[in-house]
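In: next come a sequence and a model predicted from it.
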Amino acid sequence: MIEQTFGDGEQSVARKLIELALAEDLSAVGDLTCRALIRPDQSATVQVVARTDGVLAGSPIGRMVFDAFDRTVRWDAQRRDGDLVSKGTAIANVSGPLSSLLICERTMLNFMTHLSGIASITRRFVDTVTGTRAKILDTRKTLPGWRLLEKYAVRCGGGTNHRMGLYDGVLIKDNHLAAWTEAASIAEAVRTARAKSPPDVSIEIEVDTLVQLQDALCGLPDIVLLDNMQVETLREAVAIRNRQAPKVLLEASGGVTLNTVNEIARTGVERISVGALTHSSPALDLAFDWQSSTAI
């Protein structure tokens, strides 16, 4: 058996989501099908199995789903989060009352297929930029309430987390600049944000032209986000940064795909943020394989 747990933050979020998920499935009535067809004395053993190749994420939440409903169910993990799995790989062995396995099956799979899908697509992006200096980052384009778990899945796939929320990093975007009442330079916006933020907070600013980049670099932000720039423009941006402020990191963002990410990485940017990691990842196909069913 492989023991694995979430951190405190992920555990707290997982408990809340599991409670909501079971409540929407069962309401105050319960499982009418199991009540009609499954005897209370029946037990079973199943395997959670990968139906396609990918990267595992969310194994701890699989165990937590069953624990939340019936602590007599036994979950024996066979793989760790972050492991590459191929079609037919056993993820976990699960045994206990048959009705509990049936009731929790879909809830457990909903969590694990979604998180494993995120980890799997992240690994593909990470592998595609191997040999460059670029890191693959997620964004805040996450399902409400799921952010800690989705960003956990990105890490399982080898990606790097961007800021978790509005509270742990400054990212000055075009709408912030448009709404800023002090009509000054982009560099001045960076300096103002720096002066009014805790000393350990990263200051990042978004630009969409090379002229804006030169202005932003004068304020010496930690990171400049290069929004929706073509590859040739990104190369020019890297050259400008190298001359003007070589310690500032550059982040490419906007419409990045598996077909374009390697060419983007080879421009010399240090960071590539990909919203699709969380908002468009296809689920990894996992399923129950029934091993046995007996009377208790």
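Out: Nice, I can see it.
In: what about Ile203, how many neighbours?
Out: Using other C-beta atoms under 10 Å, Ile203 has 21 neighbouring residues. The C-beta positions use only the backbone N, C-alpha and C, and glycine is treated the same way.
In: hang on, isn't it packed against Arg191?
Out: No - shown here, Ile203 and Arg191 do not form a contact pair, counting by C-beta atoms under 8 Å, at 9.1 Å.
In: quick one, strands of this protein?
Out: According to DSSP state E, the chain carries its strands in the segments 42-50, 54-55, 74-77, 84-85, 90-97, 135-137, 170-172, 203-207, 223-227, 249-253, 271-273, 286-295.
In: pick the most buried one from these.
Out: With neighbours taken as mean count of other C-beta atoms under 10 Å, the strands of the chain reach their highest mean count in strand 54-55, at a mean of 26.
In: can you list the buried residues in the longest helix along the chain?
Out: Looking across the chain with DSSP state H, the single longest helix is helix 98-128. In terms of neighbour count (16 or more other C-beta atoms under 10 Å), helix 98-128 has its buried residues at 98-105, 107-126, 128.
In: ditto for stretch 143-156
Out: Result for stretch 143-156 [16+ other C-beta under 10 Å]: buried residues 146-156.
In: rewinding a little: indicate which one of the strands of the chain is closest to Glu19.
Out: For the strands of the chain, the distance to Glu19 is smallest for strand 74-77, at 18.1 Å, taking C-beta to C-beta.
In: pull up the pairing partners for the closest one, direction included.
Out: Strand pairing for strand 74-77, determined by DSSP bridges: strand 90-97 (antiparallel).
In: quick check: mean pLDDT across the strand it pairs with?
Out: Across strand 90-97, pLDDT averages out at 97.
In: how about residues contacting it?
Out: By C-beta atoms under 8 Å, 6 or more residues apart in numbering, the surrounding residues in contact with strand 90-97 are 40, 42-50, 56, 59, 62-63, 66, 70, 72-79, 85, 101, 112, 286, 289, 291, 296.
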